[in-house]
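K.L.:
Predicted model and sequence follow; I will ask about them next.
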Amino acid sequence: MARTVVVAPMLVALGAAIATLLTRRFDRAKVGLSLAGGIAYVVAVAALFAEVGTEGILTYQLSGWGAPFGITLVADALSAFMLALAAIVSLPALVFAVRYVGEQGQQVSFHPVFHFMMVGVTGAFLTGDVFNLFVWFEVMLMSSYVLVVFYGGGPHTRAGIRYVFLNLAGSAFMLVAIGGLYATVGTLNMADIARRLGDPVTYGVDPAPVLGLAAILLAVFALKAGLVPFQFWVPGAYRAAPAPVSAVLAGVVKKVGVYAIVRLYFTVFGVGTVPGGLGLPGLDGASFLNFFGPVLFVMAVASIGVGGVVAVARDDVDELLAYSSISQVGFIVLPLAVGATVPAVRDLAIAATLVYSLNHAVAKGLLFLTSGAIYEAVGSIDLRDLGGIVEESPTLAGGFFVGGLALVGIPPLSGFFGKMLVFDATARAGADLALGAALVGAVLTIAYFSRAWNRGFWGEPSEAVAEARPSGVQLSVVITLGLVVVAIGVGFDPVFEAASRPSNSRR
Amino acid sequence: MTQYVLAVVLGLLFAFGTFLVLRRDVVRVVWGVIIMGQAANVYLVTMGGISPEAVAPIVHGSGEATTDPLVQALVLTAIVIGFGTTAFALVLTYRVYEEHGTLDLDDVSTSELRGSLVADGGTAARGRDGATDEALDESGPDGSTDGGVTDG
Amino acid sequence: MSTVIARTVVRTVVPLILVTAIALLLQGHNLPGGGFIAGVLTATAFVLIYVIYGQDYLEEAVFHRTPVPSLEMFRHGILEYYRSAFGLGLALAAASGVAAIGFGEPFLTQTVRFLHHVPLYGEMELASALVFDLGVYFTVVGALLTILAVVGSE
């Protein structure tokens, strides 16, 4: 059964990468092809989304090999939701990049590498095989290395080095964990792993080592998602990368880590139990999730705290946004932690995670693009040089305002429902500690955004700001993304329905 | 017997790789990452099970027991990916040297503080590690994995 | 580096490497070998020429073009050749996969045909995987030589 619609997003991104690679010398054609590729990607994802909505889970066997042996692509509600998120953020970022990344950079390899990154992201969202997930991670990371290091400029090389080497070490560990999984479970197909873990006696699987290997994998995914204590690379890399790339890194690439956690730990490893209990101090229950719940909880709370506290003291807008995204990923993972421990709220928790991911992707994308537009217009994004942007360019200030409020969680923006669902899930689970952490995080979010707003946007225009000339294309991208943030908040019903579909179909 | 030897070798490789990753010299860090990657590859091969009688899964129809072909396919892919990342890491090293005139990570950060691209003072760092230049010449593409990925 | 011995050895070894590479490329679809390893071998042959005879020789004698100063290389020089090899290889590999969709099969599906009564060979195997391998081959060669030219020209 060949359903081309499943591979379509991946093929479109691959085609765009190759086409832009071949038209190296023809600048206009290349930019045109690249944008056409971006639009075609959105169309392909929309088609897949609609198909998954009517047909349920779609599978696709690459090159026609049968299920546990060949490479399987699986498009279900979760994949479709994450793909939609990727499409919503990547197209504006691409349009923005055409007016932002230097001419020479665009000539050399920006467009192919950008599309290759989207190939990796798409593959990671669609694959139904753990090793294949590793491969797509590598494709995605390799492209992001190029974008961070070679488009970052001299002063940021050190940040680039840190990003590259941390992720290379992470990849080695992922490989080790995958090898171990194969040796203990005997398969790498996700559905097959879940089946065997669900009935360990029949298949002769020893669940205890699987738990340890899953823990190694969790460390790798936390590294990709930038969770504390694996957050070191985040601020440097986001500052180094050009603004549209940071938007995609924070909006989409991080979510691949989050997606991997949701996918593997809730649908695959979640079925596993250790007979006779976990045998770890302070942990009851025998399910794998009884172990991962507390671990995720500690990571999430630490991320919320560390990211929020540090962000309050940052003067560089990009750095502030980077630390803020560490904190926000904490918010994304917090409901997962609660859901893992309390099965009653698990479905709600996964929906909360997805909604908050979408909110963070769009709002943080908007903020990074706004910061890029400010940088282009003013020549600095240091809060000490800025001031009074409201007077000079209300649009830019509006972009920052909307993005900031969305992350704070003010209705009717997208963030309101995200925050509300996070609080709802934690409150229903009776997790007071998590609720407290989320409250502190929310207060910190208000603190750093109001500080940035007061210093950078209100008051008398500074010298640099007074001469600012924002580019029209960049402004229109900021406006469009701002409208998306509002639209998600106002028309929340279908979004929530799409976000709760994965957990409904899980049953 | 083989498995004990392999276990020891793997442990040593991982230990040595970790040791090198913690150095300040970028070239050594690159070596460390390469060694860790190779150790992971060897580990992956052993995960298919070691049996002295089994032959490599190449000749078909002979009826002999072959080793697990899946891990070999996985390792082939991982090697291709490792090749690409290694190449990229080496190009990155070269770029660090070009921009900062040094391969010492501490010096890289101080030259950042000065906000300038230091061109002098790097000769000593380079002379210390003669392997750099040859290694760079043989370095591969950053994009080769994109083609090779589907290969596996 | 460039002693008489080295030059003579390179003269003999390079053709051998290239023939081995082509053999590996052609048998890659069902025997050990394939586009990747053949590409790496081919690039090694070029590296040998480059190390022993120098980049200019590589450009003049092998590719029949006049070398240009290194800064210009980034726009027009021999790099453009390598890069098109990279892009075309990628396009070929992708196209061989997409072609399967045209026949109603899943992406990347490969097939094989046997030709009978071919002169000299008798029976010949024509595998579509060869096209994919060829794409990978060009990708690898192009990418490796690009890096070689950029880093080596310093």
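P.N.:
Received, thanks.
K.L.:
Number of residues surrounding A:V274?
P.N.:
Neighbourhood size, A:V274 [other C-beta atoms under 10 Å in any protein chain shown]: 20. (C-beta placed from N, C-alpha, C; glycine too.)
K.L.:
Quick check: it vs A:F110, distance?
P.N.:
Distance, A:V274 to A:F110, by C-beta to C-beta, to the nearest Å: 48 Å.
K.L.:
tell me the mean pLDDT for the strand or helix carrying A:G489?
P.N.:
Under the criterion of DSSP states H and E, A:G489 resides in helix A:472-490. Here helix A:472-490 scores 90 as its mean pLDDT.
K.L.:
One more: stretch C:29-45?
P.N.:
According to the model, stretch C:29-45 has a mean pLDDT of 87.
K.L.:
anything in it near chain A?
P.N.:
No: applying C-beta under 8 Å from any C-beta of the partner chain, one finds stretch C:29-45 out of contact with chain A, separated by at least 12.6 Å.
K.L.:
quick one: that stretch near chain B?
P.N.:
Yes: using C-beta under 8 Å from any C-beta, stretch C:29-45 reaches chain B at C:31-32, C:34-36, C:40.
K.L.:
tell me which element the spatially most central residue of chain A is part of?
P.N.:
With distances taken as C-alpha atoms, centre = their mean, the residue of chain A nearest its centroid is A:K255 (2.0 Å). Here A:K255 sits within helix A:254-261, counting by DSSP H and E.
K.L.:
again, but for C:F114
P.N.:
If you go by DSSP H and E, C:F114 is part of strand C:112-118.
K.L.:
Need the single longest helix in chain B, by residues.
P.N.:
Counting residues, the longest helix found in chain B (DSSP state H) is helix B:69-100.
K.L.:
so where's the chain shaky on pLDDT?
P.N.:
No chain was given, so I picked chain A. Scanning chain A for pLDDT under 70 picks out A:1-2, A:67-68, A:153-155, A:279, A:282, A:504-507.
K.L.:
I was after chain C.
P.N.:
Those would be C:1, C:55, C:59, C:61-78, C:121, C:152-154, if you go by pLDDT under 70 across chain C.
K.L.:
and if we set it to 50?
P.N.:
Applying pLDDT under 50 to chain C flags the ranges C:72-76.
K.L.:
what's the answer for chain B, then?
P.N.:
For chain B, the ranges with pLDDT under 50 are B:112-152.
K.L.:
Walking through it, point out its helices one by one.
P.N.:
For chain B, the helices defined by DSSP H occupy B:2-21, B:26-46, B:69-100, B:105-114, B:123-127, B:131-137, B:144-149.
K.L.:
what separates stretch C:84-96 from the chain centre, distance-wise?
P.N.:
Its chain's C-alpha centre and that of stretch C:84-96 lie 12 Å apart, by C-alpha atoms, centre = their mean, to the nearest Å.
K.L.:
again, but for stretch A:73-93
P.N.:
For stretch A:73-93, the separation from the chain centroid amounts to 10 Å (computed by C-alpha atoms, centre = their mean).
K.L.:
if you look at it, does any of it touch chain B?
P.N.:
No: judged by C-beta under 8 Å from any C-beta, stretch A:73-93 stays clear of chain B, getting no closer than 13.1 Å.
K.L.:
that older thread, show me what the strand holding C:F114 pairs with in its sheet, parallel or antiparallel.
P.N.:
strand C:122-127 (antiparallel) (DSSP bridges).
K.L.:
Show me what the partner strand is in contact with.
P.N.:
Residues outside strand C:122-127 that contact it (C-beta atoms under 8 Å, 6 or more residues apart in numbering or on different chains): C:29-30, C:110-116, C:118.
K.L.:
ok, and for it, which residues are buried?
P.N.:
Neighbour-count burial for strand C:122-127, counted by 16 or more other C-beta atoms under 10 Å in any protein chain shown, picks out C:A127.
K.L.:
after it, next one along is what?
P.N.:
Counting by DSSP H and E, the next helix or strand C-terminal to strand C:122-127 is helix C:129-152.
K.L.:
For burial, what's the neighbour tally of the closest residue to A:E51 other than its chain neighbours?
P.N.:
Counting by C-beta to C-beta, 6 or more residues apart in numbering or on different chains, A:E51 lies nearest to A:V5, which is 5.1 Å off, once chain neighbours are set aside. The local packing of A:V5 (other C-beta under 10 Å) involves 18 other residues.
K.L.:
repeat for C:V98
P.N.:
Per other C-beta under 10 Å, the neighbour tally for C:V98 reads 17.
K.L.:
That one contacts A:L11, doesn't it?
P.N.:
Yes: counting by C-beta atoms under 8 Å, A:L11 is a contact partner of C:V98 at 6.7 Å.
K.L.:
Now list whatever residues contact both of those two.
P.N.:
Jointly contacting C:V98 and A:L11 under the rule C-beta under 8 Å, 6+ apart are C:F107.
K.L.:
Pull out the buried residues from whichever helix or strand A:V6 is part of.
P.N.:
Here A:V6, judged by DSSP H and E, is contained in helix A:4-22. For helix A:4-22, a neighbour-count test (16+ other C-beta under 10 Å) marks A:5-22 as buried.
K.L.:
on that earlier part again, possible to save the helices of chain B as a markdown table with distance to A:S144?
P.N.:
Listed next are the helices of chain B as a markdown table, based on distance: least, C-beta to C-beta, whole Å:
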| stretch | distance to A:S144 |
| --- | --- |
| helix B:2-21 | 20 |
| helix B:26-46 | 17 |
| helix B:69-100 | 11 |
| helix B:105-114 | 21 |
| helix B:123-127 | 28 |
| helix B:131-137 | 22 |
| helix B:144-149 | 13 |
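K.L.:
of those helices, which approaches chain C most closely?
P.N.:
Chain C lies closest, by C-beta to the nearest C-beta, to one member of the helices of chain B: helix B:144-149, at 3.3 Å.
K.L.:
any idea how far chain C is from the residue nearest to A:E51?
P.N.:
Going from A:V5 to chain C by C-beta to the nearest C-beta, to the nearest Å gives 11 Å.
K.L.:
now that residue: how far from chain B?
P.N.:
In terms of C-beta to the nearest C-beta, A:V5 sits 20 Å off from chain B.
K.L.:
A:A46: what's it in contact with?
P.N.:
A:A46 neighbours (C-beta under 8 Å, 6+ apart): A:84, A:87.
K.L.:
In terms of helices and strands, where is it?
P.N.:
helix A:27-55.
K.L.:
Give the buried residues for that helix.
P.N.:
A:30-31, A:33-35, A:37-42, A:44-45, A:48-49, A:51-52.
K.L.:
tell me the angle it makes with helix A:4-22.
P.N.:
Comparing the axes of helix A:27-55 and helix A:4-22 via axes from the mean of the first three to the mean of the last three C-alpha atoms, to 10 degrees yields an angle of 170 degrees.
K.L.:
what lines up beside whatever helix or strand comes next after helix A:27-55 in the sheet?
P.N.:
Per DSSP H and E, the first helix or strand lying C-terminal to helix A:27-55 is strand A:58-61. Applying DSSP bridges, strand A:58-61 is found paired with strand A:72-75 (antiparallel).
K.L.:
okay, now the residue of chain C at minimum distance from chain B: neighbour count?
P.N.:
Closest contact between chain C and chain B, by C-beta to the nearest C-beta, is at C:A143 (2.6 Å). By other C-beta under 10 Å, the residues close to C:A143 number 30.
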